[in-house]
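Novice: Fold the following, please.
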Amino acid sequence: MRRWPLLVLAGLALVALAFFAVAPGIAERSMNRVDGQRLPPVSDEARNLHAALTIVDLHGDTLLWDRNLLTRAQRGHIDLPRLRDGNVALQVFSSVTKTPRGQNYEANTSETDTITPLVVGQLQPVRTWGSLLERSLYHAAKLERAAEASGGSLVLVRNGSDLGQVRRTGAPGPVAAMLSVEGLHDLEGDLDNLDRLYAAGVRMAGLTHFFDNFLAGSMHGTTKGGLTDAGREAVRRMERMGMVVDIAHCSHACVADVLAMARRPVVSSHGGVQATCRENRNLTDAEIRGIAATGGIVGIGYWPGAVCDTSPAAIARAIRHVADVAGVDHAALGSDFDGAVTTRFDTSHLVQVTQALMDAGFTDSEIGKVMGGNALRVLERGLEPMARVPLAPPRPLPQQARP
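Specialist: Just a heads-up that it's a prediction; the model follows:
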């Protein structure tokens with residue numbers, strides 16, 4: 001009779017193991033979807049041009065999910081085999097550490113978090129269960145391990161000189177990866193943690209995500225304010241160390257404040273434009289021009305919240321608007337693949353974007369800029385540390401401003 005409790009415990013353990021093995025995959029399949037609608041035909045001319053391009057995607061959230069980056073998966077949008085199929089030269093991988101329950105584009109608080117159950121369910125290290133900073137450091141280590149295990153097929157970008165291995169010269173090369181952060185709430189109220197993120201390989205960071213934080217207001221927060229004093233100091237530090245400032249998800253006030261003080265190119269890594277898709281997260285024409293004035297770029301996404309559709313033609317329309325408003329030198333790609341979005345295609349079918357740009361009247365040279373040339377120009381400038389100048393020590397943050 002005494003064996004029954006042990007058998008029950010063993011049965012519960014098996015059920016738990018089965019849950020942890022299966023549940024994260026089920027969750028991802030329901031969130032990172034390809035909608036299955038028919039893709040337009042692709043011409044031989046587009047395929048040949050695509051094969052000669054240096055392609056850069058400014059935003060993918062693949063590190064959030066429990067998948068081997070080096071193995072072709074049957075779910076999601078990005079892995080190394082599919083990046084090769086899509087001829088991607090550089091993929092920027094974002095670290096997502098916190099999202100609110102009931103996430104929406106209009107108004108969210110920071111009181112809840114849907115990432116914690118995923119972190120626990122994927123059996124990530126215990127240190128990541130209660131620390132947003134540790135989640136980003138875990139993502140950095142995960143990306144580094146993938147590069148080390150790839151046999152040179154996946155290489156990391158840490159500085160401007162590393163981008164030399166990204167440029168295509170007609171023959172396929174390794175896929176390069178760069179790390180970014182989606183929302184600096186992972187600093188956990190301490191600006192010195194920027195140094196820890198930089199040391200771990202982070203080279204681009206968005207100030208906010210889906211809620212306001214101690215640095216700035218989010219477009220999807222409750223106050224939607226501008227930069228705080230800590231936010232201004234964060235921008236100064238990022239520019240000095242060679243970490244590109246990303247204003248995706250920033251409130252309009254935050255965008256205005258960043259553009260007013262920027263000394264280096266500013267990026268909107270993923271999103272859309274109000275003129276072709278009236279979602280509140282998308283950029284106004286004035287903001288597009290402001291980003292261009294810094295020498296920066298606007299990365300256009302592939303999901304309905306960015307372009308109000310999933311068709312390649314909708315992506316091309318948004319890119320055309322950026323080019324018309326600010327010049328073709330300021331348009332880029334920012335898929336948001338694996339970011340809990342539904343798209344028409346995964347990264348293996350990026351030739352669809354090349355075809356759509358051709359159909360929209362872009363020249364081969366202009367397509368080369370949009371598909372990656374503009375992003376490389378900005379990163380080459382933005383990743384180089386500025387000459388060191390004395391900075392005032394950061395002010396202590398009030399307790400209520402800490403996440």
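Novice: S180: which element?
Specialist: strand 175-182 (DSSP states H and E).
Novice: Now do that strand: which elements does it pack against?
Specialist: helix 80-85, strand 88-95, helix 132-149, strand 154-156, strand 202-206 (3 or more CB pairs under 8 Å, 6 or more residues apart in numbering; DSSP states H and E). In this view, the C-beta of every residue, glycine as well, is placed from N, C-alpha and C.
Novice: can you tell me which residues contact the closest residue to A360 other than its chain neighbours?
Specialist: Once flanking residues are discounted, A360 sits nearest to A316: 4.2 Å by CB to CB, 6 or more residues apart in numbering. Contacts of A316 were listed using CB atoms under 8 Å, 6 or more residues apart in numbering, and they are 353, 356-357, 359-360, 362.
Novice: hmm, try it at 6 Å
Specialist: Contacts for A316 (CB atoms under 6 Å, 6 or more residues apart in numbering) come out as 356-357, 360.
Novice: Specify the local secondary structure of it.
Specialist: A316 carries the three-state label helix when classified by DSSP: H, G, I helix; E, B strand; the rest coil.
Novice: Adding mean neighbour count, write the helices and strands packed on strand 175-182 out as TSV.
Specialist: Output for the helices and strands packed on strand 175-182, formatted as TSV (neighbours: other CB atoms under 10 Å):
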stretch	mean neighbour count
helix 80-85	20
strand 88-95	27
helix 132-149	20
strand 154-156	19
strand 202-206	25
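Novice: wait, which of those is closest to A331?
Specialist: Between A331 and the helices and strands packed on strand 175-182, the shortest gap by CB to CB is with strand 88-95, which sits at 16.0 Å.
Novice: Need the contact partners of the closest one.
Specialist: With contact meaning CB under 6 Å, 6+ apart, strand 88-95 is reached by 54-63, 83, 136, 139, 143, 166, 168, 176-182.
Novice: Okay, angle between it and helix 132-149 too, please.
Specialist: Orientation check (axes from the mean of the first three to the mean of the last three CA atoms, to 10 degrees): strand 88-95 against helix 132-149 gives 150 degrees.
Novice: Mind listing what's buried along the helix or strand just after strand 88-95?
Specialist: With elements assigned by DSSP H and E, the helix or strand that comes after strand 88-95 is helix 115-121. Buried residues in helix 115-121, counted by 16 or more other CB atoms under 10 Å: 115-116, 118-119, 121.
Novice: Could you report the separation of the residue nearest to the spatial centre of the chain from A275?
Specialist: Compute the mean C-alpha point of the chain, and by CA atoms, centre = their mean the closest residue is H59, 2.9 Å away. Taking CB to CB, to the nearest Å as the measure, H59 falls 21 Å from A275.
Novice: contacting residues for V328?
Specialist: Contacts of V328 (CB under 6 Å, 6+ apart): 366, 369.
Novice: To clarify, my last question referred to G301.
Specialist: Residues in contact with G301 (CB under 6 Å, 6+ apart) are 270-271, 334, 336.
Novice: Grab the nearest non-local neighbour of R47.
Specialist: Among residues not flanking R47 along the chain, V351 sits closest, at 6.0 Å (CB to CB, 6+ apart).
Novice: pLDDT score for the one you found?
Specialist: Listed pLDDT for V351 reads 98.
Novice: count of neighbours near it?
Specialist: Counted by other CB atoms under 10 Å, the residues lying close to V351 total 23.
Novice: Pull up the gap between it and P312, please.
Specialist: 9 Å.
Novice: repeat for S136
Specialist: Taken as CB to CB, the span from S136 to P312 is 32 Å.
Novice: Three-state assignment for H270, please.
Specialist: Under three-state DSSP, H270 comes out as strand.
Novice: What residues does it make contact with?
Specialist: 59, 248, 299, 301, 334, 336.
Novice: Go again with 8 Å.
Specialist: 58-59, 248, 299-301, 306, 334-336, 339.
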